[in-house]
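> Build me a model from this:
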Amino acid sequence: MEIPRDDWRKSADYGDVVGVSRDTLQKVLAFKHYFTRYRIDLFQYIYCRMQRLAQLEMQLCNDNVPTIPSMTKSGKSGSGGAVDENEAKIMRRRLQECETVYLRQRRTRMKLKDFRLLSLIGRGGYGEVYLARHIENGEVVVLKRMKKSVYLNK
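Numbers count the residues shown, from 1 in each chain. The predicted structure follows:
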């Protein structure tokens with residue numbers, strides 16, 4: 001019995017698709033999960049970015065200079081006084097620069113050279129597990145270093 005062409009899209013787990021291997025179905029589900037997660041992260045970032053801009057605009061409307069030193073022209077904390085239009089424009093530009101830097105940092109991939117290896121925790125069939133410290137922020141993490149050849153063959 002053949003399944004109509006549209007019914008396979010409605011199946012949640014794609015388990016009843018005829019003529020498609022299990023491996024292909026797993027890849028389709030992984031692909032779907034990856035892009036769902038990507039879209040969720042993207043929309044969360046956009047929402048938070050709009051909130052930060054709205055917060056800045058609200059502070060500017062209430063004549064409150066933000067207390068973040070990097071947001072003011074002089075680099076000092078705000079005093080709560082009125083803000084002229086030029087200073088408001090500078091603060092908006094600095095917020096935009098901060099957002100650009102944040103996006104650039106999100107796009108960079110982590111590399112082994114970004115960490116200082118503290119100790120080897122264990123070895124396995126796929127690679128090694130290390131205790132490591134991130135060089136920039138000092139955060140201690142567990143790092144799994146995998147052999148690419150073994151990973152691609154599985």
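> Just the element for residue 118, please.
Assessed by DSSP states H and E, residue 118 sits inside strand 115-123.
> Pull up the pairing partners for that strand, direction included.
If you go by DSSP bridges, strand 115-123 pairs up with strand 127-134 (antiparallel).
> Buried residues in the partner strand, which are they?
Buried residues in strand 127-134, counted by 16 or more other CB atoms under 10 Å: 129-130, 132. Just so you know, the C-beta spots here come from the backbone N, C-alpha and C atoms, and that holds for glycine as well.
> gap between it and the chain center?
Put simply, strand 127-134 sits 21 Å off its chain's centre (CA atoms, centre = their mean, to the nearest Å).
> same deal with stretch 94-107?
12 Å.
> Just put the buried residues of strand 127-134 in TSV and tack on pLDDT.
As requested, these are arranged in TSV below (pLDDT from 0 to 100):
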residue	pLDDT
129	93
130	94
132	95
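> Now the strand holding residue 118: buried residues?
Applying a neighbour-count criterion of 16+ other CB under 10 Å, one finds residue 115 buried in strand 115-123.
> Now it: average pLDDT?
Regarding strand 115-123, the rounded mean pLDDT is 94.
> hmm, who's touching it?
By CB atoms under 8 Å, 6 or more residues apart in numbering, the residues outside strand 115-123 that reach it are 128-135, 140-143.
> Switch those over to TSV; also include distance to residue 51.
Shown next, in TSV, are these (distance: CB to CB, whole Å):
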residue	distance to residue 51
128	41
129	38
130	37
131	36
132	33
133	32
134	27
135	31
140	31
141	29
142	32
143	33
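> of the residues you listed, closest to residue 59?
Nearest to residue 59 among the contacts of strand 115-123: residue 134, at 32.4 Å, using CB to CB.
> Could you give the bridge partners of the closest one?
Applying DSSP bridges, one finds that residue 134 bridges with residue 115.
> Let me know the distance separating it from residue 85.
Distance, residue 134 to residue 85, by CB to CB, to the nearest Å: 41 Å.
> Residue 114 too?
Taking CB to CB, one finds residue 114 at 42 Å from residue 85.
> thinking again about what came up before, closest to residue 90 out of the buried residues of strand 127-134?
Using CB to CB, the buried residues of strand 127-134 come closest to residue 90 at residue 132, 39.6 Å.
> Nice, that's everything, thank you.
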